[in-house]
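**Student:** sharing a sequence plus its predicted fold:
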Amino acid sequence: MTVESTAARKTTRRSSGAKRTTSAASAKKASAAKSAEPELVQLLTPEGERVHHPEYDIDLSAEELRGLYRDMVLTRRFDSEATALQRQGELGLWASLLGQEAAQIGSGRALRDDDYVFPTYREHGVAWCRGVDPTNLLGMFRGVNNGGWDPSSNNFHLYTIVLGSQTLHATGYAMGIAKDGADSAVLAYFGDGASSQGDVNESFVFSAVYNAPVVFFCQNNQWAISEPIEKQTRVPLYQRAAGFGFPGVRVDGNDVLACLAVTRSALERARRGEGPTLIEAFTYRMAAHTTSDDPTRYRRDAEREAWEAKDPILRLKAYLENEGHADAAFFEELEAESETLGKHVREVVRAMPVPDHMAMFDHTYADGHALVDEERAQFAAYQASFEGGEGE
Ligand SMILES: Cc1ncc(C[n+]2csc(CCOP(=O)(O)OP(=O)(O)O)c2C)c(N)n1
Ligand SMILES: [Mg+2]
């Protein structure tokens, strides 16, 4: 063999090696791109086609499917009624859940009665699943009470407006029930914006190291008022769980079946003593942040329109119809039930008693307080300063 030919062979080898490297690199790149695409657990496509998932699946009867549909329709009706009441001046404010019905009904229906829920201020669908009278949610938004209900009667904690704080309450509660030896679990809701709060990250640390039976359900509705998700995180939110040492999963938040299956599985895991799970429900806030917000100032109509095609109610309706699981009579009855609910909500809100202004001082401290007494006296004098003495 000549020197040239050896050199030539070497070159050939090198060049084919280089080729291999190139194709291996591009394959690696392609697979990295693929794995960078976060997996979304989905059981019902936006077109209403049933698909299967190797890890999460669910077998529901036609009646159960109709039940989920009914929950979503009535929740949406309640919500739109509340928005209308605010526009009519009957409520001071409303935070709509429009678009998030599947995330809330799916996760809410995964709960057992003895499980405990810590909501934010937007979980009207979960409240519905817990059997909280929807009109109870409206007192605070009308400004006639402090937003109270008895959390222990439905295992549904009070609405929490201080972002993320409820995840710590949930973690502490979960650590407590674990010490009691109960096999129930805790479900804590929060938003994509709240995921940046220290409280949420602290609750991840505590729940992980104490193996607390809590499921964190993050509704990533893509916006925190006017801040887009890109301003909250550089990685898909569910992937954060790995850094704390527990599983995270991203579910199609507009797919009620997938939300039910994934939440049920995470709650079961918590009950078995295997610790927390982070569920990221990938969804969209179709309405404004609250009735005080104008989303046209910071987001495009086209974005909302793209999500309208993924509507959680329409896709289940398509599935029910295609499979013959619901007939025209079912949809008609539900429409009538919806009307009745709307009327009931309007009547109850308008009849809510106007509280005695002085009553706000009554329950600040159980045993009274000198400062509160002083404030009470000042406020009484202020009221008396108006003509008629009532401050009206
Ligand atoms: C600790 C705290 N900081 C700021 C606010 C004001 N605030 C109320 S709602 C909100 C955005 C929350 O966004 P996200 O967590 O995504 O929930 P979403 O409203 O989208 O359901 C902010 C900043 C607050 N309530 N609490
Ligand atoms: Mg949000």
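**Tutor:** Arrived safely. Ligands and ions are numbered 1, 2, ... in the order given.
**Student:** need the contact list for whatever residue of the stretch 1-150 of the chain ends up closest to ligand 1.
**Tutor:** Proximity of the stretch 1-150 of the chain to ligand 1 (Cβ to the nearest ligand atom) peaks at R122, 4.8 Å away. Every residue, glycine included, has its C-beta placed from N, CA and C. R122 sits next to A95, S96, L97, Q100, G191, Q219 when contact means Cβ atoms under 8 Å, 6 or more residues apart in numbering.
**Student:** could you pull out the helices for the stretch 51-200 of the chain?
**Tutor:** Counting by DSSP state H, counting those that start in this stretch, the stretch 51-200 of the chain has these helices, from start to end: 62-87, 101-108, 124-129, 138-142, 151-154, 165-180, 198-209.
**Student:** export these to TSV and append columns for mean pLDDT, mean neighbour count and distance to L187.
**Tutor:** Output for the helices of the stretch 51-200 of the chain, formatted as TSV (pLDDT from 0 to 100; neighbours: other Cβ atoms under 10 Å; distance: least, Cβ to Cβ, whole Å):
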stretch	mean pLDDT	mean neighbour count	distance to L187
helix 62-87	98	20	16
helix 101-108	99	31	7
helix 124-129	98	25	8
helix 138-142	95	21	22
helix 151-154	95	13	13
helix 165-180	98	20	8
helix 198-209	98	19	12
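**Student:** which one of those lies nearest to ligand 2?
**Tutor:** Of all the helices of the stretch 51-200 of the chain, helix 101-108 sits nearest to ligand 2, with 11.3 Å by Cβ to the ion.
**Student:** run the chain-centre distance for the closest one.
**Tutor:** 8 Å (Cα atoms, centre = their mean, to the nearest Å).
**Student:** and if you look at stretch 282-302?
**Tutor:** For stretch 282-302, the gap between its own C-alpha mean and the chain's C-alpha mean amounts to 16 Å (Cα atoms, centre = their mean).
**Student:** would you mark the buried spots in that stretch?
**Tutor:** F282, T283, Y284, R285, M286, A287, A288, H289, T290, T291, D293, P295 (16 or more other Cβ atoms under 10 Å).
**Student:** extract the CA atoms of it and return them as PDB.
**Tutor:** Taking Å, rounded to 0.1, in the frame of the first residue of the first chain, the C-alpha atoms of stretch 282-302 are listed here in PDB:
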ATOM      1  CA  PHE A 282     -52.400  23.900  29.800                       C
ATOM      2  CA  THR A 283     -55.500  26.100  29.100                       C
ATOM      3  CA  TYR A 284     -56.500  29.600  28.300                       C
ATOM      4  CA  ARG A 285     -58.200  32.500  30.000                       C
ATOM      5  CA  MET A 286     -60.800  33.400  27.400                       C
ATOM      6  CA  ALA A 287     -62.200  36.400  29.300                       C
ATOM      7  CA  ALA A 288     -60.500  39.400  30.900                       C
ATOM      8  CA  HIS A 289     -58.500  38.800  34.100                       C
ATOM      9  CA  THR A 290     -61.500  40.400  35.900                       C
ATOM     10  CA  THR A 291     -64.300  42.700  34.900                       C
ATOM     11  CA  SER A 292     -61.900  45.600  35.700                       C
ATOM     12  CA  ASP A 293     -59.400  44.500  33.000                       C
ATOM     13  CA  ASP A 294     -59.300  45.200  29.300                       C
ATOM     14  CA  PRO A 295     -57.300  42.400  27.600                       C
ATOM     15  CA  THR A 296     -57.500  44.100  24.200                       C
ATOM     16  CA  ARG A 297     -54.700  46.400  25.500                       C
ATOM     17  CA  TYR A 298     -52.200  43.600  25.700                       C
ATOM     18  CA  ARG A 299     -53.200  40.600  23.700                       C
ATOM     19  CA  ARG A 300     -54.400  39.900  20.100                       C
ATOM     20  CA  ASP A 301     -57.800  38.700  19.200                       C
ATOM     21  CA  ALA A 302     -56.200  36.000  17.000                       C
END
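**Student:** with that, I have no additional questions.
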